[in-house]
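>>> below: sequence and its predicted model.
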Amino acid sequence: MSRVGKRILTFKEDTKIKILNCNVEITGKLGTLKKEFSPLIKIIVKNNTLITKRTNEEKQTKQLHGTTNSLIQAMIEGVEKGFKKEIRIKGVGYKAILKEKKIEINAGYSHPILLDIIEGIEITIPKPTEINIFGISKQSVGQMAALIRDVRRPSPYSGKGIMYKNEHIRRKEGKVATK
């Protein structure tokens, strides 16, 4: 049996969960998240706990059990606390600028790169080389961080590029001149 699927999820009293058929709507102090789940998994809410149960023991149902539980846990955590990713930019002349609903990144190309900010995401730039991404949807925060990082992935030779705050870049040795 799925260990992840058996978890009993708890949530705060100010968090409201509505279940209509297969649709789950979770409302907390930071906002509201909605998602449709498979009818193969039953979602039961009692007091301040949430339990997921399988309707049968088929392989597909077992696969969905843990996934459904994890997605609901991320939704609860998102509306209660939110998710945050921090990005660092390293390189001479590399910087980021916030422009209305877009972020402009100068990362060594002949032109600045403009990225649209995903809806529901807040971006702050405390320094030109630091980007903080905040939102209630774990998927949206990760997606925005990945889009920004893909502008200039960190180089293993020079160490320059756009990386997550605690990411460790394995450095490679360059060419060595022979005698």
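Looks like it arrived, so ask away. Residues are numbered from 1 along each chain as shown.
>>> tell me the domain ranges of this structure?
3-80, 83-164 (automatic domain parsing).
>>> could those domains be laid out in TSV, adding mean neighbour count, distance to residue 172 and mean pLDDT?
Bear in mind the C-beta positions are built from the backbone N, C-alpha and C, glycine included. Below are the domains of the chain laid out as TSV (neighbours: other CB atoms under 10 Å; distance: least, CB to CB, whole Å; pLDDT from 0 to 100):
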stretch	mean neighbour count	distance to residue 172	mean pLDDT
domain 3-80	15	35	92
domain 83-164	16	5	94
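>>> export these to a markdown table and tack on distance to residue 174?
Shown next, in a markdown table, are the domains of the chain (distance: least, CB to CB, whole Å):
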| stretch | distance to residue 174 |
| --- | --- |
| domain 3-80 | 41 |
| domain 83-164 | 6 |
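>>> looking at the ones you listed, which is nearest to residue 171?
With CB to CB, the closest approach to residue 171 among the domains of the chain belongs to domain 83-164: 6.0 Å.
>>> break down this protein into its helices, ranges please.
3-6, 59-80, 138-149 (DSSP state H).
>>> counting by contacts, list what the second one packs against.
Right, the one you point to is helix 59-80. Secondary-structure packing of helix 59-80 (3 or more CB pairs under 8 Å, 6 or more residues apart in numbering; DSSP states H and E): helix 3-6, strand 9-10, strand 23-27, strand 32-36, strand 41-46, strand 49-54, helix 138-149.
>>> for residue 96, find the nearest of those.
helix 138-149 (7.9 Å).
>>> that closest one versus strand 32-36: what angle between them?
Going by axes from the mean of the first three to the mean of the last three CA atoms, to 10 degrees, helix 138-149 is angled at 100 degrees with respect to strand 32-36.
>>> ok now helix 138-149, how far from the chain's centre?
Relative to the centre of its chain, helix 138-149 is centred 6 Å away, using CA atoms, centre = their mean, to the nearest Å.
>>> what do you get for stretch 155-166?
20 Å.
>>> endpoint to endpoint, that stretch covers what distance?
16 Å (CA to CA, to the nearest Å).
>>> residue 145 and residue 13, how far apart?
32 Å (CB to CB, to the nearest Å).
>>> so what's residue 3 up against?
Residues in contact with residue 3 (CB atoms under 8 Å, 6 or more residues apart in numbering) are residue 66.
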